[in-house]
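> Below are the sequence and a predicted model; questions follow.
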Amino acid sequence: MKNEAQPRRLSTRHEREVASLRELSTRVGSDPLLVQASNGNTSIKLDGILWIKASGKWLAHAMQEEVLVPLELAEVKESIQNDTEIAPRCALKDGLRPSIETAMHAVIRHRVVIHVHSINTIAWAIRVDGPDQVKERLAGLHWRWIPYAASGIPLAREIGKAVASAQETDVLILGNHGLVVCGDDCCTAERLLREVERRLAITPRRFPKPDATVLALIARFSRWQFPDVDLLHALGTDAVSRKVLKGGVLYPCQAIFLGRTMPLFPPAVLVSKFTECLNGKDRTPAFVSVERSGVMLNEKMASAERATLIGLAQVTQRTEESARLRYLKEAEVTDVLSKGAHGYKEVVVMEEKENPPAEVKKLDGERKMVDNRNAYVS
Ligand SMILES: [Zn+2]
């Protein structure tokens, strides 16, 4: 990539289309069942320019600040062909950098592309039998299953191969990752997204109430607090959720924001090693899950980590005990974490500190997230 697309005067029609994309991005980004924190991205191709969400920006903020970066589509495609980094050589306006998933948007022929980390889709996308499971549910749609590939050029290449002989494909289920839907305009793409979501929806499993006895002991430590979102306790009280978590890393955002291993403790171990477990000098976990008791959060947890944890709890509550799961391989996790993913996380956390999410939006999102507040097995 040489540089940012030279600013061109957008026609009134194109201006309207970019405005529609911003509105769509805000709606999609404000739904925690579709997007958690800064993940997910949208794009539109207009006159050879690819308008794509910038890395680390929140889709939910698309109407409040600039979250889109314009790039020359031909240059992006050239980078994919030459396997060179899709990164501008000179600084972009406002320091924005294109999303790590830009290559995927570029290889899809549709003008509008929406990529989300849909909780319902992920609950299918982590299953070994996922392709069979979604087959009937998506019958009649032009969909393809893309086995896990690392974000960036590797994933774009897999998608390119899969759609080469099926140009009509407008739904992609990304193994161990999420969902892509596309269309020739924002309205068509968003309608398709809602349809796929409706078909792939899973009712979350009810879970036992938290046990405050052990959690209250943890709360004595100054930096630990009770979660304000009840469903998080499922990661401690629900045996199936714990089993799912113990298996390893299910998708890249889990590794990036929550780490390679989950801090799951039996109450006895936790109580006997409080200081060591919870107040380690260097690596204090963002949360701790206590078997049969529930979950406690580190008050220093960034909201991107918190959103990722809530998403993970929602995925595990939608995963059946009998389902065989495909976890990311060790090498895949190492690859995710070594590709500057920590840098990405730092950008996101930094961005968050400079520009905290609007409180109202946060509350709105949480209201949706706690919809199953009454889902305890009582
Ligand atoms: Zn993604």
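Okay, I see it.

> Doesn't Thr334 belong to a helix?
Yes: secondary structure assignment places Thr334 in a helix (DSSP: H, G, I helix; E, B strand; the rest coil).

> and the gap between it and Val249?
10 Å (C-beta to C-beta, to the nearest Å). Where C-beta positions appear, they are placed from N, C-alpha and C, glycine not excepted.

> how does this protein divide into domains?
Per automatic domain parsing, the structural domains of the chain span 12-200, 207-377.

> most neighbours per residue, which of those domains?
With neighbours defined as mean count of other C-beta atoms under 10 Å, the domains of the chain peak in mean count at domain 12-200, which reaches a mean of 20.

> Now do it, average pLDDT.
For domain 12-200, the mean pLDDT works out to 93.

> Same check on stretch 223-243?
92.

> quick one: that stretch to chain centroid distance?
19 Å (C-alpha atoms, centre = their mean, to the nearest Å).

> now stretch 65-77
Counting by C-alpha atoms, centre = their mean, stretch 65-77 comes out at 21 Å from the chain centroid.

> Also stretch 295-311?
Chain-centre distance of stretch 295-311: 14 Å, with C-alpha atoms, centre = their mean.

> what do you get for stretch 146-163?
Worked out by C-alpha atoms, centre = their mean, stretch 146-163 lies 17 Å from the chain centre.

> Convert it to CSV, retaining C-alpha atoms only.
Provided in CSV are the C-alpha atoms of stretch 146-163 (Å, rounded to 0.1, in the frame of the first residue of the first chain):
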residue,chain,number,x,y,z
ILE,A,146,-14.7,-21.1,5.9
PRO,A,147,-12.5,-23.2,8.1
TYR,A,148,-10.4,-21.2,10.6
ALA,A,149,-7.7,-19.1,9.0
ALA,A,150,-5.7,-16.3,10.6
SER,A,151,-7.2,-12.8,10.1
GLY,A,152,-5.6,-10.8,7.3
ILE,A,153,-4.3,-12.2,4.0
PRO,A,154,-4.6,-15.9,5.0
LEU,A,155,-8.3,-15.6,5.7
ALA,A,156,-8.9,-13.4,2.6
ARG,A,157,-7.2,-16.1,0.4
GLU,A,158,-9.5,-18.8,1.9
ILE,A,159,-12.5,-16.7,1.2
GLY,A,160,-11.3,-15.9,-2.3
LYS,A,161,-11.0,-19.6,-3.1
ALA,A,162,-14.3,-20.5,-1.6
VAL,A,163,-16.3,-17.9,-3.5
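
> can you give me the strands in the stretch 151-300 of the chain?
Taking DSSP state E, counting those that start in this stretch, the strands of the stretch 151-300 of the chain run over residues 171-174, 178-183, 207-208, 224-225, 264-265, 287-290, 294-298.

> Kindly reformat these as a markdown table containing distance to Arg127.
Shown next, in a markdown table, are the strands of the stretch 151-300 of the chain (distance: least, C-beta to C-beta, whole Å):
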| stretch | distance to Arg127 |
| --- | --- |
| strand 171-174 | 11 |
| strand 178-183 | 14 |
| strand 207-208 | 20 |
| strand 224-225 | 34 |
| strand 264-265 | 22 |
| strand 287-290 | 22 |
| strand 294-298 | 24 |
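
> Which one of the ones you listed lies nearest to Ile108?
Between Ile108 and the strands of the stretch 151-300 of the chain, the shortest separation by C-beta to C-beta is 5.5 Å, and it involves strand 178-183.

> Phi, psi for the most centrally placed residue in the chain please.
Residue closest to the average C-alpha location in the chain (C-alpha atoms, centre = their mean): His117, at 4.0 Å. Here is the backbone geometry of His117 (degrees, to the nearest 10): phi -100, psi 60.

> Who are the contact partners of it?
Leu34, Val35, Gln36, Asn39, Gly40, His177, Gly178, Leu179, Tyr251, Cys253, Gly311 (C-beta atoms under 8 Å, 6 or more residues apart in numbering).

> show me the contacts for Ile310.
Pro32, Gln36, Val229, Leu231, Leu232, Met369.

> Name the nearest residue to Ala323, sequence neighbours excluded.
Arg127 (5.0 Å; C-beta to C-beta, 6 or more residues apart in numbering).

> partners of the one you found in the sheet?
Leu325 (DSSP bridges).

> That one is in contact with Arg326, isn't it?
Yes: under the criterion of C-beta atoms under 8 Å, Arg127 makes contact with Arg326 at 7.1 Å.

> now stretch 48-55, how far from the centre of its chain.
Going by C-alpha atoms, centre = their mean, where stretch 48-55 is centred and where its chain is centred differ by 18 Å.

> try stretch 161-175
The answer for stretch 161-175 is 20 Å, by C-alpha atoms, centre = their mean.

> re the thing from before, I'd like the contacts of His117 laid out as TSV, including distance to Gln64.
As requested, those are exported to TSV (distance: C-beta to C-beta, whole Å):
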residue	distance to Gln64
Leu34	19
Val35	15
Gln36	18
Asn39	18
Gly40	16
His177	27
Gly178	24
Leu179	25
Tyr251	28
Cys253	23
Gly311	22
